[in-house]
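Asker: Model the structure of this input:
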Amino acid sequence: MSDGPEKIVFIINPISGTRAKHNIPELIRKMIDTRKYDPEIRFTEGRGHARELALRMAERGVPYVVAVGGDGTVNEVASGLRGSETALGIIPLGSGNGLARDLHIPLEPRRAIKVLNEPVVKPIDYGLANDRPFFSTCGFGFDAYVGWIFEKSGQRGFLSYSWAFVRAVFSYRHRAYSFLADGSGFTEEAVLVTIANSSQFGYNARVAPTASLQDGKLNLVIVKQIPLFRAPSLILRLFTRMLDKSKYVRSIPFSSLQIRRTRKGLSHLDGDCVVMGEEIVIEVVPAGLKVMAGPERSHPEWRSLFDL
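Answerer: Numbers count the residues shown, from 1 in each chain. Predicted coordinates:
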């Protein structure tokens, strides 16, 4: 145990997320517990810089590094810290904030800093898609298409995401996929193919309600083609922790997965859109990242009003 304050580095992406960050450094200096921490603030200068900074801090043996920004910033910082003894903290300033929500980190910056002052430090799993890391979700169908529309819009926030979602509902078509999950093969016509490490996309939209960050597995979630009039009730299930109870949804925990599709296409890693090929190999890295989480809290039980 250190005799004095331990180093904590804040990596701030000044252009990510939905909220201004000009007051964040002052807030950090005001609220961080300097009896416990010796804070340092660094700003990113472009795509990939957050990962470089995080990797450098991990190599220096810095105990704590905090990502300040959206899901893309969190992915970059976590990518630099994975496999090290440095713990990831988050001050979530993005749109969805899926990993932060599952780690019980408040979305309000002051409250998020309070969590950093008394964190629950623990290891979590993460995933690899063709060797590219993701920490919350990745996807190869409808969710990637929504992310592409959302990204192209140049707007952030729940309303912009909702509009992207509605546009995708009326324009996206299902695709054929072949799967080999832990040695078991099958094919499926699917609208959505999501790999979930955490339970949600963000916004409390829980695509894999039973997913755990610490079970050594990922969840394959397949949504089959549904009649359009069923879409509202499926969306309700998404926000009430009942999606996996739908007859149109298949959810499979796995350790290794191979996906084959007829052509390359849009994919996403923690919300960031990329193009991947016809074959995708998914692996889980158990307990591969240390995080600074908030205290767990109980959740209400929800019941769907619709019998899908």
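Asker: Who are the contact partners of Val66?
Answerer: For Val66, the contact set (CB atoms under 8 Å, 6 or more residues apart in numbering) comprises Ile8, Val9, Phe10, Ile11, Val77, Leu88, Gly89, Ile90, Ile91, Leu116, Met292. C-betas here are computed from N, CA, C, even on glycine.
Asker: What is the burial count for the last one?
Answerer: Per other CB atoms under 10 Å, the neighbour tally for Met292 reads 24.
Asker: Mind telling me what element it is part of?
Answerer: strand 279-293 (DSSP states H and E).
Asker: same question, the fourth one
Answerer: When secondary structure is defined by DSSP H and E, Ile11 falls within strand 6-12.
Asker: Only C-alpha atoms, please: export that strand in PDB.
Answerer: The C-alpha trace of strand 6-12 is given here as PDB (Å, rounded to 0.1, in the frame of the first residue of the first chain):
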ATOM      1  CA  GLU A   6      -1.700   7.600  -5.500                       C
ATOM      2  CA  LYS A   7      -1.400   8.900  -9.100                       C
ATOM      3  CA  ILE A   8      -4.700   9.200 -11.000                       C
ATOM      4  CA  VAL A   9      -4.700  10.500 -14.600                       C
ATOM      5  CA  PHE A  10      -7.800  11.900 -16.300                       C
ATOM      6  CA  ILE A  11      -7.800  11.600 -20.100                       C
ATOM      7  CA  ILE A  12     -10.300  14.100 -21.400                       C
END
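Asker: next one: it to chain centre, how far?
Answerer: Between the centre of strand 6-12 and the centre of its host chain there is 21 Å, according to CA atoms, centre = their mean, to the nearest Å.
Asker: helices or strands up against that strand?
Answerer: When contacts are defined as 3 or more CB pairs under 8 Å, 6 or more residues apart in numbering; DSSP states H and E, strand 6-12 sits against helix 24-31, strand 37-43, helix 49-60, strand 64-69.
Asker: could you redo the last one with a cut-off of 10 Å?
Answerer: Applying 3 or more CB pairs under 10 Å, 6 or more residues apart in numbering; DSSP states H and E, one finds that strand 6-12 makes contact with helix 24-31, strand 37-43, helix 49-60, strand 64-69, helix 71-81, strand 87-92, helix 109-117.
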